[in-house]
Structures are given as C-alpha cells and as structure tokens.
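Q: curious how this folds, go ahead:
(chains A and B)
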Amino acid sequence: MPQVAARPQYPTDHPSVPVRFAAGDRVRVRKTFPLGHIRTPFYIRGHSGVIERYCGNFPVPEELAQMRSGLPAQPLYRVRFLQREVWPDYAGRADDVIEIEIFQHWLEAVKT
Amino acid sequence: MSERGKPNELGEYRPLSYFQLMEVSLRELLVEKGIVSDAEVQATLEDMRARGPDAGARVVARAWVDADFKARLLENGTRACEAFGLDVPALRLVVVENTPQVHNVIVCTLCSCYPRMLLGLPPDWYKSRHYRSRVVREPRTVLQEFGLRLPEAVQLRVHDSTADMRYLVLPMRPAGTAGWSEAQLASIVTRDCMIGVAVPDTSGSE
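A: Okay, the predicted model is just below:
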C-alpha cells in the first residue's frame, strides 16, 4: 500500500528505502526486543500512534553502532501517541500526547 | 580533560570511573596517533563550555517580534537559524510552539540529546534518570516540581528526542511586554523556558 509522503522536513541525499507513510497515517511500533544499539525506547514498543511529520531519511542507528554505513537510509518520522494509551494509569488530560522519532523499519501500518 | 582523576578543588582524590578511564584512553590514543592535538581538544571543550542559552533566547525574541521569521522557524528551524546568522552545524532543529491551548516539554529518554548549539551544555537534571524516566510518564507532576502548574485546559505534549532531530520550545510572549526591545525580550527567555519546564517571567525585569 504505497503512499505519497509529504515533503520531508529535512531532506537528505542518502540512498534510501521507499517512504511508506505520510502525516496522519496510523502506525504501530513493532514489539520486538533485538540486542544492540536501538533508538526505539522500550516503553513505546507495541503501541500505536499517528505520523505527525516525516523528518527525512537517515542512516540506520543499529548499523551505525556496528561501524557500518547504515545505508540504505530509513525514513524517520515523528509519531504522536496518546499518553492514556501508553500509560494505563496516566493522570493528565485525555488528549495529552507524547511524540517520538521512530525509524520506518520499526513501524507497521495499522488498518483503519 | 578536566581535573578528573586528580585532586579536585577541595583536595579530595577520586579514582577515575570506567567511562572516565575510557575517555582518557581514547583521547590519549587519538593524540598519540596525531589525529587530534591536545590543543584542539581543549579548544573544542572551551567552545562548548562557553556556549550558553543566549543564542536560543535571541531566536525566541526574534520570533516574538517577527511573524515571518516565526513561520520560517516552525517550518525549518535550522534554515531559519542560519538565516538569522547563527552557526548551527549538525543541528536539525524542530521548534515546537506553546499556545494558550498547548504546552510543550522536551526530554531525551535514551541519553541526553539537546540543542547544544543553541542552549549550550544541558543541565545535570536533564541528564538524570529521574527526569528522563518521569517526565514521559507523569509530566504534569514533574512540571509542578519545577514550579510550573499548567491549567487543566492546556494540552501537554512531551517530545522525546530519540534520533536525529533536536527540539526547542518557543514559549508564549508574556503579557505586558509590548514595546520591549528584542534584547529586553531575550533577557526573560531562560534555558528552562526553552526546554519547557518553565515559562518566561517578567516580574524581575521592568
């Protein structure tokens, strides 16, 4: 289900995999626990949210940490999550959110 | 490159921690192999230590007085800062705007990512496990501990800088500052206002 992403906020010229998501798309963070240098926080794995913006394509941090090139680059998005869905006991407003940068290979589409 | 591993100002000796030892070993190897010199390391450290939050405060003050600049800043923070004459290498800046409806606060839960080019070195609390783990989970309580009580009507957005972007909060311009110069305005924009744990306070500067 290829989609046309909005213009990246920070375009880069790295060779990259295709951009799958656009602002407004609903996505879920993969719930997986590989070893290594991971920039996807544990607390957000398995949760779903909405793409807030497409930042650009950046080398893969897991690969960079192993002294490899990190290419092809992966699209990076800011994803918005409802706090109430992330923390069941969240005490603030129902529409409080947390926004996190997540690479595309950590995201899967959620059918709406 | 500080006085670590040597007696501190109080004359106390503390042994190097694991990571301090790693830093010293790596630095000495780089110097020994001629990749950097001690003087270059020292100059870079001095440069980072000399950076404070003033550049960020000037950016905020300009955004308060110039609607076009503010629009460009929200669209692409890095380009706007460069056009403003700031040298911000390697910074991909996302500026998030506080409004009467929305308050923003910044954290890096994984380490201590921070817009150093605009705000200087992060405060120790920003790097602490307490702040990093609590501000994502109970942000309103943490803000209260900083003395910031958000109205119940205000939506709170926490931004976790986990990858390549860096964040700056654009606070609301306080009432009663009409006619202030940009320099006056910048003087009330503190580091904490641009992290989002405080809001500008005009009570100290009339």
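
Q: sec struct for the residue in chain A positioned nearest to chain B, please.
A: As assessed by Cβ to the nearest Cβ, chain B sits closest to residue A:101 within chain A, at 3.9 Å. Every residue, glycine included, has its C-beta placed from N, CA and C. For residue A:101, the assignment made with DSSP: H, G, I helix; E, B strand; the rest coil gives strand.

Q: so what's it closest to, chain neighbours aside?
A: Spatially, and ignoring its direct neighbours in sequence, residue A:101 is nearest to residue B:163 (3.9 Å; Cβ to Cβ, 6 or more residues apart in numbering or on different chains).

Q: just checking, the residue of chain A closest to chain B touches residue A:55?
A: Yes. Counting by Cβ atoms under 8 Å, residue A:101 does reach residue A:55; the two are 6.7 Å apart.

Q: after the helix or strand of chain A with the lowest mean pLDDT comes which helix or strand?
A: Ranked by mean pLDDT, DSSP states H and E, the weakest helix or strand in chain A is helix A:61-64, scoring a mean of 94. Note on helix A:61-64: by DSSP states H and E, the next helix or strand toward the C-terminus is strand A:74-82.

Q: centre of the chain to that next one, how far?
A: 4 Å (Cα atoms, centre = their mean, to the nearest Å).

Q: ok, now stretch A:101-112?
A: Centroid displacement of stretch A:101-112 relative to its chain, using Cα atoms, centre = their mean, is 6 Å.

Q: for it, give me every contacting residue.
A: Applying Cβ atoms under 8 Å, 6 or more residues apart in numbering or on different chains, the external contacts of stretch A:101-112 come out as A:1, A:17, A:19-21, A:25-30, A:39-40, A:44, A:48, A:55, A:58, A:60-61, A:74-79, B:160-165.

Q: which of the residues you listed fall within strands?
A: A:26-29, A:48, A:55, A:58, A:74-79, B:160 (DSSP state E).

Q: drop anything exposed from those.
A: Buried subset of the ones in strands among the contacts of stretch A:101-112 (neighbour count, 16 or more other Cβ atoms under 10 Å in any protein chain shown): A:27-29, A:48, A:55, A:58, A:74-79, B:160.

Q: how many other residues sit next to residue 18?
A: Chain wasn't specified; assuming chain A. By the criterion of other Cβ atoms under 10 Å in any protein chain shown, residue A:18 has 11 neighbours.

Q: hmm, I had chain B in mind actually
A: Neighbour tally, residue B:18, other Cβ under 10 Å: 7.

Q: chain A versus that one, what's the distance?
A: Distance, residue B:18 to chain A, using Cβ to the nearest Cβ, to the nearest Å: 18 Å.

Q: over to residue B:147?
A: For residue B:147, the distance to chain A equals 18 Å [Cβ to the nearest Cβ].

Q: wait, what's in contact with the closest residue to that residue other than its chain neighbours?
A: Distance criterion Cβ to Cβ, 6+ apart; nearest residue to residue B:147, sequence neighbours excluded, is residue B:198 at 7.3 Å. Residues near residue B:198 by Cβ under 8 Å, 6+ apart: B:146, B:147, B:148, B:190, B:192.

Q: between these, which is closest to chain A?
A: Using Cβ to the nearest Cβ, these come closest to chain A at residue B:148, 13.4 Å.

Q: can you report phi and psi for that closest one?
A: Backbone geometry at residue B:148, expressed as degrees, to the nearest 10, gives phi -110, psi 110.

Q: now name the helix or strand holding the residue nearest to it when sequence neighbours are not counted.
A: Among residues not flanking residue B:148 along the chain, residue B:198 sits closest, at 5.8 Å (Cβ to Cβ, 6+ apart). Following DSSP H and E, there is no helix or strand that holds residue B:198.

Q: measure residue B:198 to residue B:17 for me?
A: Distance from residue B:198 to residue B:17, counting by Cβ to Cβ, to the nearest Å: 32 Å.

Q: repeat that for residue B:100.
A: Noted for residue B:100: a distance of 46 Å to residue B:17, by Cβ to Cβ.

Q: residue A:53 too?
A: Applying Cβ to Cβ, the value for residue A:53 to residue B:17 is 39 Å.

Q: comparing those two, which residue is more hemmed in?
A: Ranked by neighbour count (other Cβ under 10 Å), residue A:53 and residue B:17 place residue A:53 first, with 22 against 11.

Q: need the contact partners of stretch B:48-59.
A: Stretch B:48-59 is contacted from outside by B:73, B:80-81, B:84, B:86, B:115-121, B:168, B:182, B:186-187, B:189-191, B:194, using Cβ under 8 Å, 6+ apart.

Q: ugh, wrong one, I meant stretch B:141-156
A: For stretch B:141-156, contacts defined as Cβ under 8 Å, 6+ apart pick out A:91-93, A:95-97, B:100-105, B:131, B:134-135, B:139-140, B:192, B:197-199.
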